[in-house]
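In: Kindly generate the corresponding structure for this input.
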Amino acid sequence: MTEPTRRQKLRPIEYVMLSGVMALFAGLVVLMVTRDALLAIIGSGLVFIVVIIGIAMLLLAVSPNSTPDGQKSSPGTGND
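Out: Below is the predicted model of the structure:
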């Protein structure tokens, strides 16, 4: 089995950072509008969770499936 590359190891951190940035933005917007720190913290926490779940669902939708047993991985090899 091959060792995962540095890019593959850091990929989950990128998704958490993206979610954190979006949560921070939403928290700042709520804080500027309402001037209530507790409401801003709650809003940013909700945005963080919703974005993490959204990213996870999108990644599940686009991940390739493994090749079923008995099916060739590369068509056009002469045994079609």
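In: Now the residue sitting nearest the centre point of the chain: which helix or strand?
Out: Residue closest to the average C-alpha location in the chain (CA atoms, centre = their mean): Ile55, at 3.2 Å. Per DSSP states H and E: Ile55 is located in helix 37-62.
In: quick one: least confident helix or strand in this protein?
Out: Across the helices and strands of the chain, mean confidence by mean pLDDT, DSSP states H and E is lowest for helix 6-34: a mean of 93.
In: helices or strands up against it?
Out: When contacts are defined as 3 or more CB pairs under 8 Å, 6 or more residues apart in numbering; DSSP states H and E, helix 6-34 sits against helix 37-62. In short, each C-beta sits where N, CA and C put it, glycine included.
In: What angle do helix 6-34 and the helix it packs on make with each other?
Out: Interaxial angle, helix 37-62 versus helix 6-34 (axes from the mean of the first three to the mean of the last three CA atoms, to 10 degrees): 140 degrees.
In: start at 46 instead
Out: Sounds good: first residue 46 from here, last item helix 82-107.
In: Report the distance from helix 82-107 to the chain centre.
Out: Offset of helix 82-107 from its chain centre (CA atoms, centre = their mean, to the nearest Å): 10 Å.
In: Provide the contact partners of stretch 61-80 at residue level.
Out: Applying CB atoms under 8 Å, 6 or more residues apart in numbering, the set of residues contacting stretch 61-80 from outside is 81-82, 84-86, 88-90, 92-93, 96-97, 100.
In: Return it as PDB; C-alpha atoms alone will do.
Out: Only the C-alpha atoms of stretch 61-80 are listed here, as PDB (Å, rounded to 0.1, in the frame of the first residue of the first chain):
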ATOM      1  CA  VAL A  61     -12.500  22.500   8.400                       C
ATOM      2  CA  MET A  62     -10.700  25.700   7.700                       C
ATOM      3  CA  LEU A  63     -13.200  26.600   4.900                       C
ATOM      4  CA  SER A  64     -16.000  25.900   7.300                       C
ATOM      5  CA  GLY A  65     -14.300  28.000  10.000                       C
ATOM      6  CA  VAL A  66     -13.900  31.000   7.700                       C
ATOM      7  CA  MET A  67     -17.500  30.800   6.700                       C
ATOM      8  CA  ALA A  68     -18.600  30.600  10.300                       C
ATOM      9  CA  LEU A  69     -16.400  33.500  11.200                       C
ATOM     10  CA  PHE A  70     -17.900  35.600   8.500                       C
ATOM     11  CA  ALA A  71     -21.400  34.700   9.500                       C
ATOM     12  CA  GLY A  72     -20.600  35.400  13.100                       C
ATOM     13  CA  LEU A  73     -19.200  38.800  12.300                       C
ATOM     14  CA  VAL A  74     -22.200  39.700  10.200                       C
ATOM     15  CA  VAL A  75     -24.600  38.800  13.000                       C
ATOM     16  CA  LEU A  76     -22.400  40.600  15.600                       C
ATOM     17  CA  MET A  77     -22.500  43.800  13.500                       C
ATOM     18  CA  VAL A  78     -26.200  43.700  12.900                       C
ATOM     19  CA  THR A  79     -27.400  42.700  16.300                       C
ATOM     20  CA  ARG A  80     -24.600  43.700  18.700                       C
END
